[in-house]
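**Q** Sequence below, structure please.
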Amino acid sequence: MAQDQYDCAEFDSQQEAQRVLARDPSDPNNLDADNDGKACEDYPYGDSADGGQYSEGPPPVVPNTTSQMPDTGGPPYLAVGAMLLLGAALVAGHGVLRR
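**A** Reported below is the predicted structural model:
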């Protein structure tokens, strides 16, 4: 494998360098100079490529709400429906076996 294929100046942000380091933790490009698991941490990138837009994570899907999905009651209804189908199958199977 080629040594030093990338250096910190080739990336737009520390996050991009970190992704390359994560693909090959043996660090053939020496992106993690102090071996602490963080790539190009001392390189002066300035503003991040996203302009700080997602510094606290992406915004919620619906504005002015929490990022938690509301409980829609899906799984319990699914379980009830599955039990009804299983019961119907057992009744039908019992009728077939009695013949």
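
**Q** wait, doesn't residue 12 sit right on residue 45?
**A** Yes. Using C-beta atoms under 8 Å, residue 12 is in contact with residue 45, at 7.2 Å. Every C-beta, even on glycine, is put in place using the N, C-alpha and C of the backbone.

**Q** Neighbour count: the two, which is higher?
**A** residue 45 (16 against 13; other C-beta atoms under 10 Å).

**Q** Verify the contact between the more buried one and residue 13 for me.
**A** Yes. If you go by C-beta under 8 Å, residue 45 and residue 13 touch, sitting 5.4 Å apart.

**Q** burial measure for residue 11, as a count.
**A** Residue 11, neighbours per other C-beta under 10 Å, totals 20.

**Q** Now do the contacts for it.
**A** 17, 20, 40, 45 (C-beta atoms under 8 Å, 6 or more residues apart in numbering).

**Q** Now do the phi/psi pair for it.
**A** phi -100, psi 150 (degrees, to the nearest 10).

**Q** Pull up the gap between it and residue 80, please.
**A** 52 Å (C-beta to C-beta, to the nearest Å).

**Q** what's the answer for residue 9, then?
**A** Residue 9 is 60 Å from residue 80, by C-beta to C-beta.

**Q** Kindly report the same for residue 40.
**A** 53 Å.

**Q** Could you do residue 27 as well?
**A** Distance from residue 27 to residue 80, by C-beta to C-beta: 53 Å.

**Q** Mean pLDDT per helix and strand in this structure: which one sits at the bottom?
**A** helix 74-98 (a mean of 84; mean pLDDT, DSSP states H and E).

**Q** could you measure residue 29 against residue 18, distance?
**A** For residue 29, the distance to residue 18 - C-beta to C-beta - is 12 Å.

**Q** typo on my end, it should be residue 89
**A** For residue 89, the distance to residue 18 - C-beta to C-beta - is 52 Å.
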